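Chemist: Any chance you can model this:
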Amino acid sequence: MTDGSTPDLMSFREKIEGMDMARLVEDWADYTKTIASMREMLAMIEMEITKRMRADGATAVAHDDFTVELAGTPKYDESKLYAVLEYIPRADLIEAGAYTPAHEETVQRWVPEKFNATKLKPFGKFGADIREVIEDARWISNPRLKIKPKKE
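Modeler: So this is what the prediction gives:
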């Protein structure tokens, strides 16, 4: 159903202008059920596309008429990033803002050590091992499927 057809809204408007109120309400209820059902079907299709993309390790699907992407916010598994400390001195990471050691803040609460992946990524220039550690720690949270018609 990709032919882009839509109901003729002008003839539909003329049709409903001649209906009595009870019929309008019944049609409204029918259309509401149809929309809800179609939303469920659409969600099922999106879940299947997402499942197949994940199984293939894909973030995009090639299609002539649509741009299909699986996008989300990248997150990093902090427990895996500690391996970076074996390659780069802590002082360099701290200075770059890529790593914050554990400390107490002025409000007297404990703050655990953490990494800032955005500032950590440039350290990948120091070797494939570092790039691999950073990439291995990366994951996408809450992936969202985006499907848009391509502009002609």
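Chemist: quick one: contacts of stretch 47-59?
Modeler: Applying Cβ atoms under 8 Å, 6 or more residues apart in numbering, the contact partners of stretch 47-59 are 61, 68-71, 143, 145, 147. C-betas here are computed from N, CA, C, even on glycine.
Chemist: got it, and stretch 8-24?
Modeler: Against stretch 8-24 from outside (Cβ under 8 Å, 6+ apart): Asp27.
Chemist: And it, end to end?
Modeler: 18 Å (Cα to Cα, to the nearest Å).
Chemist: pLDDT on it, on average?
Modeler: Here stretch 8-24 scores 88 as its mean pLDDT.
Chemist: and if you look at stretch 76-89?
Modeler: 92.
Chemist: on that earlier part again, which one of the contacts of stretch 47-59 is nearest Leu81?
Modeler: Nearest to Leu81, judged by Cβ to Cβ, of the contacts of stretch 47-59 is Pro143 at 21.1 Å.
Chemist: pretty sure the closest one is in a helix, no?
Modeler: No: with DSSP: H, G, I helix; E, B strand; the rest coil as the criterion, Pro143 is strand rather than part of a helix.
Chemist: can you start the count at 250 instead of 1 from here on
Modeler: Will do, 250 is the new start, and the previous item becomes Pro392.
Chemist: Identify the residues contacting it.
Modeler: 299, 303, 319-321.
Chemist: switch to 7 Å and redo it
Modeler: 299, 319-321 (Cβ atoms under 7 Å, 6 or more residues apart in numbering).
Chemist: which of those has the most neighbours?
Modeler: Ranked by the number of neighbours (other Cβ atoms under 10 Å), those place Leu319 first, at 17 neighbours.
Chemist: beta partners of it?
Modeler: Under the criterion DSSP bridges, Leu319 forms beta bridges with Leu394.
Chemist: If you rank every helix and strand of this protein by mean pLDDT, what lands last?
Modeler: strand 387-398 (a mean of 81; mean pLDDT, DSSP states H and E).
Chemist: quick one: terminal-to-terminal distance for stretch 355-371?
Modeler: 30 Å.
Chemist: quick one: the strands in this protein?
Modeler: Along the chain, counting by DSSP state E, strands occupy 309-310, 315-325, 348-349, 352-353, 359-360, 363-364, 387-398.
Chemist: got these as JSON lines, with distance to Lys264 columns?
Modeler: Formatted as JSON lines, the strands of the chain follow (distance: least, Cβ to Cβ, whole Å):
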{"stretch": "strand 309-310", "distance to Lys264": "39"}
{"stretch": "strand 315-325", "distance to Lys264": "32"}
{"stretch": "strand 348-349", "distance to Lys264": "65"}
{"stretch": "strand 352-353", "distance to Lys264": "70"}
{"stretch": "strand 359-360", "distance to Lys264": "65"}
{"stretch": "strand 363-364", "distance to Lys264": "62"}
{"stretch": "strand 387-398", "distance to Lys264": "29"}
